[in-house]
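> prediction below, plus the sequence it came from.
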Amino acid sequence: MSIVNIRNIELVNNPAKYTDPYVLRIQFECIAPLKEDLEWKLIYVGSGESEKFDQELDSCMVGPIPVGLNSFEFSASPPTLSLLPSPSTPADLIGVTVIILSASYNDAEFVRVGYYVATNWDSEEYALDVEEGRKDGEMEHLVRNVKVDTPRVTRFSNKWDAPEPTTSSFPSGSTLPTSPSSTLLSAPLPNPTTSTSTPTNASAPRDPTQSALPAPITALPAPAPAPSPVLTTETETETEAEDAHPLASQVEDEDKMGKEVANDEGRGEEGGEGLSNAGGAALGEM
């Protein structure tokens, strides 16, 4: 970003005679304080083929520069004919060339504004007389016209008052400061066999009998064996069996009762046979 920006350029005497000085009124804006002055130059381009014919018509230093809008008037002499590319007559100056307004700070150009300049005779009648050879052409009849409506502006970067960048802010051979995180990472880890509350002597020789491993883990006592189940024998009492199996004892009682009924029925059949035999004998006797 440029600290100085041109707002307006006015050519006070335009058009003017070729031999008249250039008078410019320049307005610019400064957006920050400047320690040095500004240098302004007006350059006349004598030939489009080589820069060696360029003429610095004048230059001036402007300053100190306050912040805000500023304006000044700049006057420069006309070009020197002897420095132009061998004009034999004033008629050789007829044509178009360029003037350049350049601004610099600390010997560094930051802007240039170029204008086309048309040079011709002051009247058409005089131009016709010169063309037909009735007149030789004189310098006092030459006029210039700066085309202020078509400027060409070129801007350049400038350091202004910025400090020079330094490669390092630390003197040679000094060590860079370390951050707390890097200090923490570079710190040695504590010995797992020593307590943090007991200070250790780093210079004391290490005892090879002391192990660097943690203390061994003490084995826990084995759990007591579970009591083995008690097996019952076949010689258990009937009361215990009935208490343990009431349904089985009920079935056994019913089985005994069935056997007794069967025996009684058998005896009944035998008694019937006797009655039958006895009755038969009695009937026979009757």
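Yes, it's here.

> which strands and helices sit next to the one helix or strand E125 maps to?
Assigned by DSSP states H and E, E125 belongs to helix 124-132. When contacts are defined as 3 or more CB pairs under 8 Å, 6 or more residues apart in numbering; DSSP states H and E, helix 124-132 sits against strand 108-121. For the C-beta atoms, the positions are set from N, CA and C on the backbone; glycine is no exception.

> packing partners for the strand it packs on?
Strand 108-121 sits against strand 4-11, strand 95-105, helix 124-132, strand 142-146, strand 152-155, with contacts defined as 3+ CB pairs under 8 Å, 6+ apart.

> can you do 7 Å?
Under the contact definition 3 or more CB pairs under 7 Å, 6 or more residues apart in numbering; DSSP states H and E, strand 108-121 sits against strand 4-11, strand 95-105, strand 142-146, strand 152-155.

> so what's A16 bridging to?
Assessed by DSSP bridges, A16 has beta-bridge partners R144.

> surely it and R144 touch.
Yes: using CB atoms under 7 Å, A16 is in contact with R144, at 6.2 Å.

> who has more neighbours out of those two?
Neighbour tally, A16 and R144, criterion other CB atoms under 10 Å: the higher count belongs to R144, 22 against 17.

> now do the contacts for the more buried one.
Residues near R144 by CB atoms under 7 Å, 6 or more residues apart in numbering: 15-16, 18, 117-119.

> next one: P33
Contact analysis of P33 by CB under 7 Å, 6+ apart lists V67.

> please redo it, this time with the cut-off set to 8 Å
Listed by CB atoms under 8 Å, 6 or more residues apart in numbering, the contact partners of P33 are 65, 67.

> also S71?
The contact partners of S71, by CB under 8 Å, 6+ apart, come to 25-28.

> pLDDT score for it?
Looking at S71, its pLDDT reads 96.

> and the one 4 residues further on, by the same measure?
Per-residue confidence for S75 comes out at a pLDDT of 96.

> next, count neighbours for it.
The number of residues packed near S75 is 14, by other CB under 10 Å.

> can you go through the contacts of S71 and name the buried ones?
In those, burial by neighbour count holds for 26, 28, counting by 16 or more other CB atoms under 10 Å.
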